[in-house]
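In: any chance you can model this:
(one chain, ligands or ions: 1)
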Amino acid sequence: MLRAQAISLENRLSNVSLDLISADAVHLLGPNGSGKSSLLNLLAGLISPHQGQLWLEGRELSQYAPAELAIQRCLMEQTQQSVFALTVKESLSFFCAERSLPDVLEQALDISPFLQRPLNQLSGGEQRRVQIARCLMQVWPAIEQGRALILLDEPVQGLDFSHQHRLCELLNELARIGNMLVMSHHQLNLAERYANRIWLMHQGQLVADDIPKQVLTESLLSRVFCCNVRIVTDTEQNRLIQTYL
Ligand SMILES: Nc1ncnc2c1ncn2[C@@H]1O[C@H](COP(=O)(O)OP(=O)(O)OP(=O)(O)O)[C@@H](O)[C@H]1O
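Out: The predicted model follows:
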């Protein structure tokens with residue numbers, strides 16, 4: 001379990017309290033600048049709150065040694081550029097020692113066709129898929145045991161629709177076996193379909209923490225995103241969220 005109690009970060013986050021439990025698949029939503037990346041960095045233990053406290057499995061997050069955290073929680077940052085001219089394979093082994101790519105990652109992320117190619121010559125979406133694989137492989141033994149904390153900042157950015165769905169299916173499966181997942185993004189319909197809980201940020205505050213049906217409402221989304229939002233239901237009773245100015 002990960003618990004944040006009244007955490008604040010100067011001018012970025014204000015008085016955020018939340019609990020993340022085993023098997024949670026949380027989608028973190030909110031307008032640009034609302035504090036999503038800041039919150040993920042705090043939950044990862046990369047920065048410390050100016051006020052409030054964070055606990056991971058009952059222990060203060062600040063008490064964990066970096067090496068201890070590195071085998072239990074992973075954070076994929078929104079922008080991550082390789083400074084080395086490595087192939088995809090070299091890049092994966094550089095970050096993940098001798099581990100080979102697990103089959104479930106390969107099935108969802110389709111990386112093997114470009115394993116021998118230089119990372120910096122891949123398309124944006126292909127690079128993103130490698131970045132996700134690298135992040136998950138960092139904590140793969142913990143993931144297999146269902147005790148990892150997986151934090152992903154905009155992992156679907158740049159992915160085509162098929163890979164967006166395949167990634168969300170994979171992540172939900174990892175959550176189902178006990179891992180804790182938080183992923184930020186801007187795709188309301190993905191959150192509706194895949195989140196078991198949504199955290200909605202607005203101006204540095206957590207303004208909603210609930211199941212998709214409670215958070216994804218026309219009135220709340222319109223207010224937070226300053227946009228018109230319409231929710232329609234198709235013939236199979238799926239809710240589809242439309243946005244327009
Ligand atoms: N390192 C930093 N130091 C000071 N302020 C920062 C820093 N990084 C971000 N901010 C500010 O903190 C606020 C929250 O930024 P954050 O990156 O957390 O938002 P976000 O919700 O992830 O946005 P986006 O959807 O654009 O990625 C913004 O006003 C931003 O300008």
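In: for the most centrally placed residue in the chain, give me the pLDDT.
Out: The residue lying closest to the centre of the chain (C-alpha atoms, centre = their mean) is M183, at 2.0 Å. M183 is assigned 98 on the pLDDT scale.
In: ok, what's across the strand from it?
Out: H27, L152 (DSSP bridges).
In: so what's it up against?
Out: V26, H27, L28, I150, L151, L152, D153, P155, V156, L171 (C-beta atoms under 8 Å, 6 or more residues apart in numbering). Just so you know, the C-beta spots here come from the backbone N, C-alpha and C atoms, and that holds for glycine as well.
In: ok, those residues vs the ligand, which is closest?
Out: D153 (7.1 Å; C-beta to the nearest ligand atom).
In: burial count for that closest one?
Out: Number of residues near D153 (other C-beta atoms under 10 Å) recorded here: 23.
In: so which bits of this protein are right by the ligand?
Out: R12, G30, N32, G33, S34, G35, K36, S37, S38, Q78 (C-beta under 6 Å from any ligand atom).
In: need the strands for the protein, in chain order.
Out: Per DSSP state E, the chain carries strands over the ranges 2-9, 13-20, 25-29, 51-56, 59-60, 73-76, 149-153, 180-184, 197-202, 205-210, 228-233, 239-244.
In: okay, the helix or strand of the chain with the lowest mean pLDDT in PDB with CA atoms only?
Out: When each helix and strand of the chain is scored by mean pLDDT, DSSP states H and E, helix 88-96 comes last, with a mean of 82. The C-alpha trace of helix 88-96 is given here as PDB (Å, rounded to 0.1, in the frame of the first residue of the first chain):
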ATOM      1  CA  VAL A  88      17.300  -1.100 -28.500                       C
ATOM      2  CA  LYS A  89      18.800  -4.400 -27.300                       C
ATOM      3  CA  GLU A  90      21.800  -2.700 -25.700                       C
ATOM      4  CA  SER A  91      19.600  -0.100 -24.100                       C
ATOM      5  CA  LEU A  92      17.300  -2.700 -22.500                       C
ATOM      6  CA  SER A  93      20.300  -4.700 -21.200                       C
ATOM      7  CA  PHE A  94      22.000  -1.500 -20.000                       C
ATOM      8  CA  PHE A  95      19.100  -0.800 -17.700                       C
ATOM      9  CA  CYS A  96      17.900  -4.300 -17.000                       C
END
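In: that one packs against which elements?
Out: The helices and strands touching helix 88-96, judged by 3 or more C-beta pairs under 8 Å, 6 or more residues apart in numbering; DSSP states H and E, are helix 124-138.
In: got a list of contacts for the helix it packs on?
Out: Identification of contacts with helix 124-138 by C-beta under 8 Å, 6+ apart yields 70-71, 74-76, 80, 88, 91-92, 95-96, 99, 101-102, 105, 109-111, 114, 119-120, 122, 143, 150, 152, 155, 157-160, 163, 167, 174.
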